[in-house]
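Participant: build me a model from this:
(2 chains)
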Amino acid sequence: DTGVSQNPRHKITKRGQNVTFRCDPISEHNRLYWYRQTLGQGPEFLTYFQNEAQLEKSRLLSDRFSAERPKGSFSTLEIQRTEQGDSAMYLCASSPMGSNQPQHFGDGTRLSIL
Amino acid sequence: QKEVEQDPGPLSVPEGAIVSLNCTYSNSAFQYFMWYRQYSRKGPELLMYTYSSGNKEDGRFTAQVDKSSKYISLFIRDSQPSDSATYLCAIRIAAGTSYGKLTFGQGTILTVHP
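Facilitator: Okay, the predicted model is just below:
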């Protein structure tokens, strides 16, 4: 399968703990995106990379959130000092370069805060 | 007011029916329009992608864009039980600082019963 891969699929943690998610984009896709989706809502944009450069961050991305893409390939999203409100599905998407290229999504990491 | 409005449904139709799903948007800078299908506990799957007013057809699916009314639609012909899912519209601008960001509707839950 050559689609977007996300790990883990499900993460359960206690409030206050740090968590890290990984996203492996489709091979040769230069652009990588993170979204958050809560129950009954559409995904909300968090941040966007072009190669290793983080080009945009949403106001939803508080100081407790950090995303990296150090070699322009896979990306990690870390949440520090998790809160109940962080419970959501975290989705990663990727796309090739080009002004009209659509984004392809992975199956997400579901985060549950106890 | 949200930038993209979508009726969450739920929508229930008999097998074989024609389904009409709709979104409205407020920002005239939006230029690219997508429809995604999302099954439970899965990531969004791209169905249709267009950047011009008018109709685009792919098998049983037709996407329609009316930029003058800021209104987009997805039609599903001969609906099947396997079409039961949440349908998300997604829109983005053509260029600028928010170039990478998709803005999603809330999603419409569709059930096609045999």
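
Participant: contacts and neighbour counts: CA atoms only from here.
Facilitator: OK.

Participant: leaving aside the residues next to it on the chain, what's closest to the closest residue to chain A within chain B?
Facilitator: Relative to chain A, the nearest point of chain B is B:G43 (3.9 Å; Cα to the nearest Cα). For B:G43, ignoring the flanking residues on the chain, the nearest one in space by Cα to Cα, 6 or more residues apart in numbering or on different chains is A:D107 at 3.9 Å.

Participant: secondary structure class for B:Y36?
Facilitator: For B:Y36, the assignment made with DSSP: H, G, I helix; E, B strand; the rest coil gives strand.

Participant: let me know whether it touches B:Y49 as I believe.
Facilitator: No - counting by Cα atoms under 8 Å, B:Y36 does not reach B:Y49; the two are 9.0 Å apart.

Participant: ok, back up a step: got phi/psi on the residue nearest to B:G43?
Facilitator: Note on A:D107: its backbone torsions stand at phi -90, psi 0 [degrees, to the nearest 10].

Participant: test my guess that it contacts A:L91.
Facilitator: Yes - counting by Cα under 8 Å, A:D107 does reach A:L91; the two are 6.8 Å apart.

Participant: looking at these two, which is more packed in?
Facilitator: Neighbours per residue (other Cα atoms under 10 Å in any protein chain shown) separate A:D107 from A:L91, with A:L91 holding more: 27 against 23.

Participant: tell me the spacing between the closest residue to that one other than its chain neighbours and A:K11.
Facilitator: Closest residue to A:L91 apart from its sequence neighbours, by Cα to Cα, 6+ apart: A:G108 at 4.3 Å. Separation of A:G108 from A:K11 (Cα to Cα, to the nearest Å): 11 Å.

Participant: can you give the strand pairings for the helix or strand harbouring A:K11, parallel or anti for each?
Facilitator: A:K11 belongs to strand A:10-13 when elements are defined using DSSP states H and E. Under the criterion DSSP bridges, strand A:10-13 sits next to strand A:109-113 (parallel) in its sheet.

Participant: contacting residues around the strand it pairs with?
Facilitator: With contacts defined as Cα atoms under 8 Å, 6 or more residues apart in numbering or on different chains, strand A:109-113 is touched by A:6-15, A:21, A:82-84, A:86-91.
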